[in-house]
Structure formats: C-alpha cells, structure tokens
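Chemist: need a 3D model of the sequence below.
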Amino acid sequence: MADVERHWINGLAFQVTNDETNLYIMVDFVQARTYQLAREFGFTIYIDDKSNYKRSFGITYPTGIYYELGNYPGARNGYLLEPNWGNLPENQSVIQAAISNITNNVLLIQRRSRRDDFQPTPIPLAQLRAQNLFVHIDDNARSGRISLTIPMEIRSTSQFSPDIRPGDIIDLGFEINPLRLLNMEQTGNSSIITSDTASGRTRSEDPDQNRNIQILNRLGEPFEKWVEVTLAKPGT
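Modeler: Numbering: from 1, shown residues only. Got it, this is the predicted structure:
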C-alpha cells in the first residue's frame with residue numbers, strides 16, 4: 001500500500017491511498033457547518049477516471065435528512081420552508097426517523113455513458129459488503145469521519161466499482177448539493193436550477209423557480225471540490 005498523505009480543502013481533510021485491488025478514502029469534516037450540511041443534504045464522493053466523464057461513479061453517504069424525508073408526504077417542503085418544522089411535536093417522530101436512516105444505506109451513482117440518467121440508487125450496506133465495498137461513519141452530530149474501502153475494478157465479486165486501476169489518474173470530487181436534489185424533483189417544463197439561480201444572479205417569473213431561489217439563498221452555495229489524484233502502483 002502506498003504512503004498516505006493528508007490533504008486539506010475547505011471544511012474537509014482527506015486521505016487517499018490504494019493497493020492492487022482497493023481504493024481507500026478517509027474524510028474528516030473539520031468545520032461543523034460543512035458536516036451539518038452533509039447530514040442535511042447528503043455527502044457525495046465521486047471517483048472518475050481522468051480520461052472519462054465527470055460523475056461517472058459516486059457514493060452518497062450519509063444520504064441526508066432531506067432525502068430520507070421523501071418517504072413522508074409533505075415533509076421535505078416543511079423541512080425547507082419552516083425553520084422550526086423539525087421542532088414541532090407532531091413532526092418529532094418523522095425527523096428522528098429520517099436522522100436515524102441517513103446512515104442505513106448509500107446512494108450509488110454508476111453511469112456507463114454520458115447519456116445515462118443521473119439517478120442515484122439506494123443500496124443497503126449489507127448489499128455493499130457482499131460486493132466488497134465498505135463504508136463507515138464516526139458521527140457525533142457536530143463532526144464526522146467517513147471511511148470507505150472501494151474495489152477498483154468491476155468483477156463478479158465487485159459490481160459496485162469505478163473500474164480504475166493502479167497507476168491511473170482520477171478526479172476525486174466532494175459534493176453537498178441541495179440543487180441536485182431539487183432538480184431531481186422537477187417535472188414537466190420546470191426550469192433547471194443552477195448555481196447562478198441559487199445565488200440570485202438571475203431572476204425568473206416562474207413561481208416554482210422563485211420558491212427554489214428563496215430556499216437556496218437561505219441554504220447558501222452548493223459545496224463542490226475536485227482534486228486530481230494519481231493512484232500508486234504497488235510494488236514498483
């Protein structure tokens with residue numbers, strides 16, 4: 001296994017290493033606000049072959065309170081639009097159930113081409129382990145550490161894989177993006193939400209878009225960081 005170097009980017013510290021078969025990633029949240037947003041809206045790690053397209057393989061963990069509230073009609077709107085929604089007695093059981101579920105599954109993104117839908121699939125942790133992919137979180141609600149062991153190549157025993165090899169150059173991405181969750185809910189001719197509309201740099205008469213701008217102005221800008229990593233060639 002290669003030597004491990006610790007890297008720092010806004011709100012995060014991370015380490016990446018590999019051996020001949022697995023990629024190992026550990027992420028520490030060094031700012032409470034960053035971790036709060038990760039728990040609310042999910043934290044996605046992307047692993048893309050440098051010669052491939054972005055967001056070809058990703059793991060969202062924790063899945064996020066907002067995502068889990070989708071199991072309860074009307075809960076997402078209440079959570080976003082009413083600051084005290086989660087503190088109301090009638091909503092306590094719902095919010096606690098959502099919080100407990102954010103680490104029960106991952107959301108897996110595995111796209112074979114640019115034309116594939118960008119639609120994460122919920123996968124139970126036991127199913128991941130059966131395919132030799134392991135995730136773990138140390139969580140105290142204010143800070144957290146996420147550890148991942150990810151098979152590098154797709155095989156019969158590792159179907160969930162970025163399909164990379166030792167010596168490859170990869171793009172490693174970290175994302176907390178309420179925009180993507182809102183985009184996934186858009187139907188019909190609804191406008192696509194972008195970082196520009198989120199920060200109020202454009203205006204629209206569309207009521208749904210104006211509502212989303214109001215929400216996202218309160219949330220702040222999406223978090224997105226990318227780094228280039230050269231995988232080690234063990235034994236060379």
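Chemist: which stretches of the chain have low pLDDT?
Modeler: 1-3, 141-142, 179-221, 236 (pLDDT under 70).
Chemist: just the strands from it, written as ranges.
Modeler: 5-9, 12-18, 22-29, 44-49, 57-60, 105-110, 121-124, 134-139, 144-151, 169-176, 223-230 (DSSP state E).
Chemist: what's the burial count for residue 116?
Modeler: 12 (other Cβ atoms under 10 Å). C-beta coordinates here come from the backbone N, C-alpha and C atoms, glycine included.
Chemist: do the same with the one 4 residues further on
Modeler: Residues within reach of residue 120, counting by other Cβ under 10 Å, total 21.
Chemist: how much space between it and residue 170?
Modeler: Between residue 120 and residue 170 the distance is 20 Å, computed by Cβ to Cβ, to the nearest Å.
Chemist: looking at the strands of the chain, which is nearest to residue 79?
Modeler: strand 169-176 (15.9 Å; Cβ to Cβ).
Chemist: list the buried residues in the closest one.
Modeler: Of the residues in strand 169-176, 170-176 count as buried by neighbour count, 16 or more other Cβ atoms under 10 Å.
Chemist: got it, and stretch 119-137?
Modeler: Buried-residue list, stretch 119-137, by 16+ other Cβ under 10 Å: 120, 123, 125, 128, 131-133, 135, 137.
Chemist: also stretch 42-58?
Modeler: Here stretch 42-58 shows 42-49, 52, 55-58 as buried, counting by 16+ other Cβ under 10 Å.
Chemist: cool, and stretch 101-112?
Modeler: 101-103, 105-111.
Chemist: hmm, back to that, format the strands of the chain as a markdown table; extra columns: distance to residue 71.
Modeler: Below are the strands of the chain laid out as a markdown table (distance: least, Cβ to Cβ, whole Å):
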| stretch | distance to residue 71 |
| --- | --- |
| strand 5-9 | 32 |
| strand 12-18 | 29 |
| strand 22-29 | 25 |
| strand 44-49 | 20 |
| strand 57-60 | 16 |
| strand 105-110 | 12 |
| strand 121-124 | 11 |
| strand 134-139 | 20 |
| strand 144-151 | 23 |
| strand 169-176 | 21 |
| strand 223-230 | 25 |
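Chemist: tell me which of these sits nearest to residue 38.
Modeler: strand 169-176 (5.4 Å).
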